[in-house]
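S.K.: Sequence and predicted structure below; questions after.
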Protein chains: 2
Amino acid sequence: MTSPAVSSRDLPHPTREEIRLEGVLHALSDPMRLRIVRELAAVGDELSCSHFDLPVTKSTTTHHFRVLRESGVLQQVYRGTAKMNGLRKDDLEGLFPGLLDCLLDAAARQAVRLDGA
Amino acid sequence: MTSPAVSSRDLPHPTREEIRLEGVLHALSDPMRLRIVRELAAVGDELSCSHFDLPVTKSTTTHHFRVLRESGVLQQVYRGTAKMNGLRKDDLEGLFPGLLDCLLDAAARQAVRLDGA
DNA sequence: CGACTCGTACGATAGGCATCGTAGTACGGG
DNA sequence: CCCGTACTACGATGCCTATCGTACGAGTCG
């Protein structure tokens, strides 16, 4: 088997063609979600939901991950009890070349400017 | 006078430092507002509010222009009875280099993809 | 002045959404 | 089989927002 521990539970994702720029921008216009995406991009690999230590409850965290998945920014898959999250880099790059990097750069610049980090 | 017919009425704008990426993304995540920005960028000059023929009432149009101004995407100034709108290209480029062009390109690609135009 | 155009203000409405808490399901390990 | 961990589902709440209609203010032109 190529993917050993992938659960049968699976989650609805938009196809590449169904992804809308407005939806992506809306998803990224929330600070919590932008933070998730930045961390995911920095690590460059899939991360479980529980890896993120966000200042909101788990319910709210679930909500944010769903928005990111339904807008086409993330792909999610269950692996055991964990839900792994990965950026849909290829799809986004195919639809909107350069946009993701540009947004991440913009977010990084703002973080430096505001937090001095 | 440098600006002859500028009315005394003036409008609150965020300074460059006050512009937030989240706010800009939120402003552009509305189809009506994205359309306004695309048209403004295509023309490359200031346009009056009444130039835009949007499928919403004038009240709603006013609302969208205010959101764009308050997020720092547009600058607005009264000229006679008209209110002229211009993209804050320099400020956006200074804060988030390349972002505006990237977003406009993404919007254009999506328009081609969906409307075949 | 009077009429007309452009845009605003205000209130209403309906829907969306970020957040929480609690109760529940799925999976893996002892 | 039972327990703990990871995540979900559902309902509630309060706020934000896209939209409208109507009434009004500011400016221009005859």
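M.R.: Thanks, I have it.

S.K.: helix/strand/coil for the residue nearest to A:E70 when sequence neighbours are not counted?
M.R.: Spatial nearest neighbour of A:E70, chain neighbours left out: A:P14 (6.7 Å); criterion: CB to CB, 6 or more residues apart in numbering or on different chains. Backbone N, C-alpha and C define where each C-beta goes, glycine included. Under DSSP: H, G, I helix; E, B strand; the rest coil, A:P14 falls in the coil class.

S.K.: unless I'm mixing things up, A:P14 is touching A:V67, no?
M.R.: No. Using CB atoms under 8 Å, A:P14 is not in contact with A:V67, being 12.0 Å away.

S.K.: Mutual contacts of those two, please.
M.R.: With CB atoms under 8 Å, 6 or more residues apart in numbering or on different chains applied, the contact sets of A:P14 and A:V67 do not overlap.

S.K.: which regions of chain A lie under the pLDDT threshold?
M.R.: Chain A contains residues with pLDDT under 70 at A:1-8, A:117.

S.K.: Can you pull up the most central residue in chain A?
M.R.: Central residue of chain A (CA atoms, centre = their mean): A:L74, 4.0 Å from the mean position.

S.K.: Which residues are in contact with that residue?
M.R.: A:V37, A:L40, A:F65, A:L68, A:N85, A:G86, A:L87, A:R88.

S.K.: Now the fifth one. Its backbone dihedrals?
M.R.: Right, the one you point to is A:N85. phi -120, psi 130 (degrees, to the nearest 10).

S.K.: what's A:R79 sitting at in phi/psi?
M.R.: phi -140, psi 100.

S.K.: likewise the one 5 residues further on?
M.R.: Per-residue torsions, A:M84: phi -90, psi 140 (degrees, to the nearest 10).

S.K.: cool, and the one 3 residues further on?
M.R.: Backbone dihedrals for A:L87, given as degrees, to the nearest 10, come out at phi -70, psi 140.

S.K.: A:R109 too?
M.R.: Torsion angles at A:R109 (phi, psi; degrees, to the nearest 10) stand at phi -60, psi -40.

S.K.: what does A:V112 give?
M.R.: Torsion angles, degrees, to the nearest 10, at A:V112: phi -60, psi -50.

S.K.: neighbours around it, how many?
M.R.: For A:V112, the neighbour count with other CB atoms under 10 Å in any protein chain shown is 10.

S.K.: A:D45 too?
M.R.: When neighbours are counted by other CB under 10 Å, A:D45 comes out with 10.

S.K.: need the contact list for it.
M.R.: A:D45 neighbours (CB under 8 Å, 6+ apart): A:G86.

S.K.: A:E70 now?
M.R.: With CB under 8 Å, 6+ apart, A:E70 has these contacts: A:P12, A:H13, A:P14, A:G23.

S.K.: now do A:K89
M.R.: Contacts of A:K89 by CB under 8 Å, 6+ apart are A:L100.

S.K.: again, 10 Å this time
M.R.: Counting by CB atoms under 10 Å, 6 or more residues apart in numbering or on different chains, A:K89 touches A:L40, A:A41, A:G44, A:V73, A:Q75, A:L100, A:D101.
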